[in-house]
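Asks: Here is the input, now give the coordinates:
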Amino acid sequence: MPMHPRRHARVKPAGLVSRQAKIITDARAPVIVCTLVDYSPGGACIDLGGQVKIPDRFELLHVNTKKRCRIAWKRGTRVGVVF
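Replies: Below is the predicted model of the structure:
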C-alpha cells in the first residue's frame with residue numbers, strides 16, 4: 001500500500017497504444033527514448049532502461065501528446081513524474 005494515496009488512478013498502456021515515449025530536455029539535445037509503464041491525468045511512471053541522467057524538468061512526448069513534467073521520485077531505472 002502506498003504511503004500517499006494517488007489523486008488519479010493510473011492506467012497501463014494496452015492494445016494499440018504505444019508504450020514508447022520520448023523525453024525532450026532541450027531543443028538542441030537529442031531525445032531520450034523511454035518506456036511508459038503507467039499514466040494518469042496527473043502523472044506517469046517511465047522506465048529509462050539504463051542509467052540515463054535527466055533534468056528535474058522536461059517534456060514527455062507520448063503518441064501525439066506533449067506534457068511538461070517534473071520528477072516526483074526515482075527508483076532504479078524507473079522515474080515518477082507529475083504533469
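Asks: Scan the chain for its longest strand.
Replies: The longest strand of the chain (DSSP state E) is strand 65-75.
Asks: For it, buried residues please.
Replies: For strand 65-75, a neighbour-count test (16 or more other C-beta atoms under 10 Å) marks 67, 69 as buried. C-beta: built from backbone N, CA, C; applies to glycine.
Asks: Name the next helix or strand downstream of that strand, please.
Replies: Per DSSP states H and E, strand 65-75 leads on to strand 78-82 as the next helix or strand towards the C-terminus.
Asks: Can I get the longest strand of the chain as PDB, trimmed to CA atoms?
Replies: What follows is strand 65-75 as a C-alpha-only set of coordinates in PDB (Å, rounded to 0.1, in the frame of the first residue of the first chain):
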ATOM      1  CA  THR A  65       0.700  14.400 -26.600                       C
ATOM      2  CA  LYS A  66       3.400  16.500 -25.200                       C
ATOM      3  CA  LYS A  67       3.400  17.200 -21.400                       C
ATOM      4  CA  ARG A  68       5.600  19.300 -19.200                       C
ATOM      5  CA  CYS A  69       6.900  17.100 -16.400                       C
ATOM      6  CA  ARG A  70       8.600  17.400 -13.000                       C
ATOM      7  CA  ILE A  71      10.300  14.400 -11.400                       C
ATOM      8  CA  ALA A  72       8.500  13.300  -8.200                       C
ATOM      9  CA  TRP A  73      10.600  10.200  -7.400                       C
ATOM     10  CA  LYS A  74      13.300   7.800  -8.700                       C
ATOM     11  CA  ARG A  75      13.800   4.100  -8.100                       C
END
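Asks: Return the list of helices and strands in contact with it.
Replies: strand 43-47, strand 57-62, strand 78-82 (3 or more C-beta pairs under 8 Å, 6 or more residues apart in numbering; DSSP states H and E).
Asks: Save those as CSV, and put in mean pLDDT, mean neighbour count and distance to residue 27 too.
Replies: CSV is the format used below for those (pLDDT from 0 to 100; neighbours: other C-beta atoms under 10 Å; distance: least, C-beta to C-beta, whole Å):
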stretch, mean pLDDT, mean neighbour count, distance to residue 27
strand 43-47, 93, 21, 20
strand 57-62, 96, 17, 10
strand 78-82, 95, 18, 20
